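Asks: Here is my input, please return the structure:
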Amino acid sequence: MAAKKEQGFSVPGSFDHVYGAAVRAAQRCGWRLDHTAPQSGALRAVHGVNLFTYGEKIDVAVRPRPDGACDVWVKSECRGIQMVDYGRNGKNIALFSSALMTELQASTMPAWQPPPASPAPAARFCSACGAAAEVSDRFCRICGARSS
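Replies: Down below sits the predicted model:
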């Protein structure tokens, strides 16, 4: 079983604010975001291979509390068959906790939102026959009429 370390703590702030800060904190740590699930408050980040480890996966769970604060649970686990972590898992948790506090204190940004979807291209139709046309078409592919 791979080496791991877990730690939980509470932070002030709304769920959306804390979850957004957690995503930014993971990015600030230099980790690659592998999975985000804002609906459940979960995210997974991956720390790459280096001289001492095969890398670690870091799971974060944000849960709202009735008093308006949030509980944050962080688990850092070595990937692969690595049995000794040389303190990396504890360092990952400390680094994330520090980055999260920095993000929460400095953040006046709105809650985390998924990136907007790219807009769909406007639909075009031939004015002569009504066939669908691409934006780049100069002539209708069905009737040959010039596109306007």
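
Asks: mind listing the helices for this protein?
Replies: Residue ranges of the helices in the chain, as given by DSSP state H, are 15-28, 88-106.

Asks: and the angle from the last one to helix 15-28?
Replies: On the basis of axes from the mean of the first three to the mean of the last three CA atoms, to 10 degrees, helix 88-106 is oriented at 130 degrees to helix 15-28.

Asks: Dump helix 88-106 to CSV, keeping only the CA atoms.
Replies: Presented in CSV, the C-alpha positions along helix 88-106 are these (Å, rounded to 0.1, in the frame of the first residue of the first chain):
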residue,chain,number,x,y,z
ARG,A,88,6.4,14.7,0.6
ASN,A,89,2.8,14.0,1.6
GLY,A,90,3.0,16.2,4.7
LYS,A,91,4.8,18.9,2.7
ASN,A,92,2.0,18.7,0.0
ILE,A,93,-0.7,19.2,2.7
ALA,A,94,1.2,22.1,4.3
LEU,A,95,1.9,23.7,0.9
PHE,A,96,-1.8,23.4,-0.1
SER,A,97,-3.0,24.7,3.3
SER,A,98,-0.8,27.8,3.0
ALA,A,99,-1.8,28.4,-0.6
LEU,A,100,-5.5,28.1,0.3
MET,A,101,-5.2,30.6,3.1
THR,A,102,-3.3,33.0,0.8
GLU,A,103,-6.1,32.6,-1.8
LEU,A,104,-8.8,33.2,0.7
GLN,A,105,-7.2,36.3,2.2
ALA,A,106,-6.3,37.8,-1.2
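
Asks: now it: mean pLDDT?
Replies: Across helix 88-106, pLDDT averages out at 91.

Asks: Any stretches of the protein with poor pLDDT?
Replies: Scanning the chain for pLDDT under 70 picks out the ranges 1-2, 50-53, 82, 107-115, 117-123, 148.
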